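1. take this sequence and fold it.
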Amino acid sequence: MSQAHAIKSVQTCPYQPGADERKSAAAAAGSEARAKKLTNGGIRVESFALTRKILRSGGTRQAGFMADLVMKASGKGSTPVLFQEGEVHQKQRTATARFFAPRVVTSRYRELMNDLSDRLVERLRSRGRADLSDMSLEMAVAVAAQIIGLTDSSLAGMSQRLNSFFTRGVKGTVGPIRARLGRILNNLNLLGFYWLDVKPAIRARKASPKEDVISHLIGQGYSNREILTECMTYSAAGMVTKREYIVMAAWHLFERDALRAEFVATDEAGRIAILEEILRLEPVVGALYRRAQDDLTLEADGETIHIPAGTLIDMDVRAANADPVAAGECPHMLLPERAETKGLQGSMSFGDGNHRCPGATVALQESAIFLDRLFRVPGLRLEKAPDLEWNTLTVGYELRDAIIA
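-> Okay, the predicted model is just below:
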């Protein structure tokens, strides 16, 4: 097949990959590790148009996020929503859409977002300094827990268990003993998450159903094991990735006085436009993987692309988001007004097609509310920039120890 290629930036643009406009581009180790995975006939896609065509084609299945392992573990049970395809997936997405619709997010969760933001900022004021990565995790976990239904256990304890399970930063070569220990600890964290967080929530909702994901799954006859799997999926999407993005967005705002002033001065729609542009440059999930179920023939960028059945497709989200055909000139530059540019097609940071992240509205509104409160604190400063590491599962960044004062 003919490999897709990204159209290069206008040569006169001073902002190229690796410029300060894209902080996570410096994590070269992650990018190099992923490039080595392109074996056995797999292809890498960098074009925005081709990425969108593939995600909307319906002729592929999920191949990322440990898909093969999860599908094997699911056995004869219900396939987790992240790995479902076709009519089954569409029905489940339609059934759960009521938990993520913009109107529902505003009416049901906005007050919670406001209260949490005020509480976290007041704690910062009283203590004088804090780790922003801890603040963002607490914010993300509390909101997602309400939507999922994980509200019958300690939020602090659940945050710690999820953080231990999902954090996969690259810290050098890991030997067999350490790798085995890591698997044991992951299993213990998973068991703790089930017995201390998921099981109490299931028990409470069987007694008194609520408007949340767990109650919906119980109503559909899901087993406890299947509910645990879904809770892990929603937790990763709703808690862990959101935590990273809030810190990344704040990092950009701290280091750009004009952008920060604009963020505070504008309305919520303007703040969300700024956040979307940062997310375009800094996607938390840096790659999407699909495997072709059928032979695919797609038209994109003036080419006819043939993808044989069984091919592993590695879609580079960062490259697609920086494709000038979609993003316009100087695609590596942070320009909040870019979304208003005529013909702009958006970004792939929340995915596309049937598997587009349903929580996009939640993530953007929550981040806008929290960061607006945060940057109104007089004298706020970034005392220590976050440590950046690479997550091999999401092909994205992990930000820790971001000290603000």
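2. give me the pLDDT for the residue most central in space within the chain.
-> Nearest residue to the geometric centre of the chain (CA atoms, centre = their mean): Thr241, 4.1 Å. Thr241 carries a pLDDT score of 87 in this model.
3. which residues touch it?
-> 284-285, 363, 394, 396 (CB atoms under 8 Å, 6 or more residues apart in numbering). To be clear about C-beta, it is placed using only N, CA and C from the backbone, and glycine gets the same treatment.
4. just the buried ones from those, in PyMOL syntax?
-> Under the burial definition 16 or more other CB atoms under 10 Å, those of the contacts of Thr241 that qualify are selected in PyMOL by:
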select buried, resi 284+285+363+394+396
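5. which one of the contacts of Thr241 is nearest to Gly351?
-> Val285 (7.7 Å; CB to CB).
6. remind me which helix or strand that closest one belongs to.
-> Val285 is located outside every helix and strand, with elements delineated by DSSP states H and E.
7. you'd agree it is up against His355?
-> No: the criterion here is CB atoms under 8 Å, and Val285 misses it with His355 at 11.4 Å.
8. so where's the chain uncertain?
-> 1-12, 15, 17-20, 25-41, 63-86, 89, 166-175, 178-179, 182, 341-345 (pLDDT under 70).
9. now the strands for it?
-> 43-45, 60-62, 130-131, 287-292, 296-300, 303-307, 312-316, 382-384, 387-391, 396-400, 403-404 (DSSP state E).
10. and the fifth one, what does it pack against?
-> Meaning strand 296-300. helix 48-57, strand 303-307 (3 or more CB pairs under 8 Å, 6 or more residues apart in numbering; DSSP states H and E).
11. can you check the second one too?
-> Using 3+ CB pairs under 8 Å, 6+ apart as the contact test, the elements touching strand 60-62 are strand 287-292.
12. so what strands line up beside the strand it packs on?
-> strand 60-62 (antiparallel), strand 312-316 (antiparallel) (DSSP bridges).
13. how far is it from where the chain is centred?
-> 16 Å (CA atoms, centre = their mean, to the nearest Å).
14. other residues contacting that strand?
-> 34, 51, 54-55, 59-64, 67, 307-317, 348, 351, 395.
15. can you give me the helices in the stretch 1-150 of the chain?
-> 28-35, 48-57, 67-74, 86-96, 102-104, 110-127, 132-148 (DSSP state H, counting those that start in this stretch).
16. re earlier: could I get the strands of the chain as JSON lines with distance to Ala140?
-> Shown next, in JSON lines, are the strands of the chain (distance: least, CB to CB, whole Å):
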{"stretch": "strand 43-45", "distance to Ala140": "30"}
{"stretch": "strand 60-62", "distance to Ala140": "23"}
{"stretch": "strand 130-131", "distance to Ala140": "14"}
{"stretch": "strand 287-292", "distance to Ala140": "21"}
{"stretch": "strand 296-300", "distance to Ala140": "35"}
{"stretch": "strand 303-307", "distance to Ala140": "36"}
{"stretch": "strand 312-316", "distance to Ala140": "25"}
{"stretch": "strand 382-384", "distance to Ala140": "20"}
{"stretch": "strand 387-391", "distance to Ala140": "15"}
{"stretch": "strand 396-400", "distance to Ala140": "13"}
{"stretch": "strand 403-404", "distance to Ala140": "17"}
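17. so which of those strands gets nearest Ser223?
-> It's strand 60-62; of the strands of the chain, that one is closest to Ser223 (CB to CB) at 21.4 Å.
18. pull out the buried residues from that closest one.
-> 60, 62.
19. and what of stretch 101-117?
-> In stretch 101-117, counting by 16+ other CB under 10 Å, buried: 104-105, 109, 112-113, 116-117.
20. same question for stretch 87-99.
-> In stretch 87-99, counting by 16+ other CB under 10 Å, buried: 89, 92-93, 96, 99.
21. and those, which two are furthest apart?
-> Pairwise distances across the buried residues of stretch 87-99 peak at 16.1 Å for His89 and Phe99 (criterion: CB to CB).
22. ok, of the contacts of strand 287-292, which come out buried?
-> Counted by 16+ other CB under 10 Å, the contacts of strand 287-292 give 34, 51, 54-55, 59-60, 62-64, 67, 307, 311-317, 348, 351, 395 as buried.
23. so where do the helices sit in the stretch 201-350 of the chain?
-> Going by DSSP H, counting those that start in this stretch, the stretch 201-350 of the chain shows helices at 213-219, 224-235, 241-255, 257-265, 268-281, 317-321, 324-327.
24. quick one, the fourth one and helix 241-255 angle?
-> With axes from the mean of the first three to the mean of the last three CA atoms, to 10 degrees defining the directions, helix 257-265 sits at 120 degrees from helix 241-255.
25. now tabulate the helices of the stretch 201-350 of the chain in JSON lines and tack on distance to Gly302.
-> Conversion of the helices of the stretch 201-350 of the chain to JSON lines gives the following (distance: least, CB to CB, whole Å):
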{"stretch": "helix 213-219", "distance to Gly302": "43"}
{"stretch": "helix 224-235", "distance to Gly302": "37"}
{"stretch": "helix 241-255", "distance to Gly302": "34"}
{"stretch": "helix 257-265", "distance to Gly302": "36"}
{"stretch": "helix 268-281", "distance to Gly302": "24"}
{"stretch": "helix 317-321", "distance to Gly302": "17"}
{"stretch": "helix 324-327", "distance to Gly302": "10"}
